[in-house]
Each structure stands twice: as C-alpha cells, then as structure tokens.
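**Student:** Let's see this in three dimensions:
(one chain, ligands or ions: 1)
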Amino acid sequence: MLLQIPDVLSADQVHYFQTRLAVADWVDGRVTAGYQSARAKNNQQLPEQSAEARELGDIVLSALGRNALFMSAALPQRVFPPLFNRYEGGQAFGTHVDNAIRSLPGSGERLRTDLSATLFLADPASYDGGELTIEDTYGMHRVKLAAGSMVLYPASSLHHVAPVTRGARLASFFWLQSLVRSDAQRTILFDLDIAIQRLNGKDGAETEAVQLTGVYHNLLRMWSEP
Ligand code: NI
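**Tutor:** Model (predicted):
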C-alpha cells in the first residue's frame with residue numbers, strides 16, 4: 001500500500017521546522033547508507049544525534065501518534081527516530097532499496113523496516129525536481145507533496161529521488177516495523193477499518209459494526225507479531 005497522509009504537521013509546525021533546519025549543521029547523507037545505496041546517494045542529512053534532529057523528530061513522532069490515518073495504516077510496533085535530509089544544487093538519490101534491518105540508536109535493538117515514510121517539509125513551489133518515485137507492480141508513482149504531508153510505502157519497494165535543480169528539498173524520513181509484517185494483510189485491515197468507521201456513522205448499522213469490529217480484532221490477533 002502506498003498512502004498519502006495529509007497535514008501531519010500544522011502550518012505553524014512546518015514554519016518552525018523550516019526555521020530550525022535553515023540554521024542547522026548538515027553533513028553528507030552517506031552516513032546512514034548501506035554499501036549499495038551509498039553509491040547512489042548524494043544529499044545532506046542532519047547528524048542522527050544532533051539536538052535539532054532529536055527535537056524535531058520527537059515532534060514528528062507525537063504528531064503521528066495522534067494521526068488516526070497513520071495509526072490505522074501502519075499499525076506501528078517500533079519506529080526509527082525520524083531523520084532529516086536536504087537536496088539542492090542537482091543532488092539526487094538514485095534507485096535503491098532501503099536496508100531490511102536497522103539498529104535503533106542508543107539501545108542497539110533491531111528493527112525490521114516494513115514501511116518507509118517521507119514527510120515533505122519544503123513548499124513544493126520553492127524547488128524544482130525532488131520527486132520521490134516509488135516502483136511497484138502497478139508502475140512508477142511520483143510523489144511530491146505539500147509541506148507537512150507524508151507518504152507511507154512498503155520499504156521493500158525500489159525508489160529514487162529526482163535531482164533538485166532549483167531551490168532546496170527538505171524532508172524527514174524514517175522506517176517502522178509494523179505489528180503486521182505482510183503488506184497484503186495490513187492493507188486488508190486498513191480497508192476493513194475504513195469501512196467500519198463509515199458504518200459507525202450510520203443509523204441502524206450498530207449490530208453489523210460491532211460484528212465487523214470483532215472480525216477486525218480477530219484478524220489482528222491472528223496476523224500481528226507483538
Ligand atoms: Ni530510500
């Protein structure tokens with residue numbers, strides 16, 4: 001499932017992020033790349049342990065915790081602390097697949113990357129290029145979203161970021177391990193959840209809504225790996 005989640009951050013939060021990131025110290029993005037992706041990657045990142053990355057990352061995580069669409073679609077178990085990147089002056093990230101396993105900073109605990117997320121932080125009119133292109137069996141999907149909006153996609157997908165030829169593209173990106181490993185099963189649960197929410201708003205459908213909610217939880221019990 002490839003899902004756009006609008007307005008993860010408010011306009012005020014986006015403005016605060018842009019102000020903080022404008023004066024941050026950026027480093028070569030290859031610091032978090034694996035062997036293959038380091039050859040394709042040409043961008044800048046905030047150091048993982050920098051004060052800005054930790055502070056802004058926490059704001060992203062708490063916004064996501066309150067976002068019903070994200071919680072329903074991702075069913076997050078463990079989330080990697082959000083990272084931040086910037087592309088400008090022709091910088092790009094060639095086609096690659098994200099590492100399957102990541103070590104969580106600090107604890108060293110491991111996380112399986114089921115889903116990848118990119119939260120766009122620059123006004124799309126302020127830069128040219130920089131589309132995130134995700135490949136799946138339905139073709140190529142070009143994504144360039146409003147500042148504050150996010151795309152969630154299976155981490156197993158090949159993807160690339162087109163060269164930024166004017167202005168600067170700012171984004172936060174991270175991975176997560178889901179309670180439900182299979183993208184197909186997670187998609188069924190998400191579709192069912194949306195249908196139940198629609199049914200909940202209808203008079204005379206209470207019994208059916210309760211029964212389907214039971215089905216949802218029984219599927220989640222069967223498919224989740226806590
Ligand atoms: Ni990637």
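**Student:** drop to CA atoms for contacts and neighbour counts, all remaining ones
**Tutor:** Will do.
**Student:** what about residue 225, helix or strand, and which?
**Tutor:** Using DSSP states H and E, residue 225 sits in no helix or strand.
**Student:** I'd like to know how far it sits from residue 152.
**Tutor:** 20 Å (Cα to Cα, to the nearest Å).
**Student:** a strand runs through residue 39, doesn't it?
**Tutor:** No - assigned with DSSP: H, G, I helix; E, B strand; the rest coil, residue 39 falls outside any strand and is helix.
**Student:** Can you give me the neighbour number for it?
**Tutor:** Neighbourhood size, residue 39 [other Cα atoms under 10 Å]: 13.
**Student:** shaky segments in this protein?
**Tutor:** Nowhere does the chain drop to pLDDT under 70.
**Student:** Domain map for it?
**Tutor:** Following automatic domain parsing, one finds the domains of the chain at 3-178, 183-223.
**Student:** Most tightly packed of the ones you listed?
**Tutor:** Highest mean neighbour count among those (mean count of other Cα atoms under 10 Å): domain 3-178, with a mean of 18.
**Student:** Now do the end-to-end distance for it.
**Tutor:** 15 Å.
**Student:** Repeat that for stretch 5-13.
**Tutor:** Its start and end residues considered, stretch 5-13 measures 16 Å (Cα to Cα).
**Student:** Residues in contact with it: which ones?
**Tutor:** 60, 63, 64, 67, 69, 70, 148, 149, 150, 151, 152 (Cα atoms under 8 Å, 6 or more residues apart in numbering).
**Student:** all helices of this structure, in order?
**Tutor:** Ranges of helices in the chain, per DSSP state H, are 11-22, 35-40, 51-65, 68-74, 183-200, 206-223.
**Student:** want to try CSV for the ones you listed, with distance to residue 105 as columns?
**Tutor:** As requested, the helices of the chain are exported to CSV (distance: least, Cα to Cα, whole Å):
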stretch, distance to residue 105
helix 11-22, 21
helix 35-40, 19
helix 51-65, 11
helix 68-74, 21
helix 183-200, 26
helix 206-223, 28
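**Student:** Determine which of these approaches residue 107 most closely.
**Tutor:** Residue 107 sits nearest to helix 51-65 of all the helices of the chain, at 15.3 Å, using Cα to Cα.
**Student:** From the chain's centroid, how far away is that closest one?
**Tutor:** Distance of helix 51-65 from the chain centroid (Cα atoms, centre = their mean, to the nearest Å) equals 13 Å.
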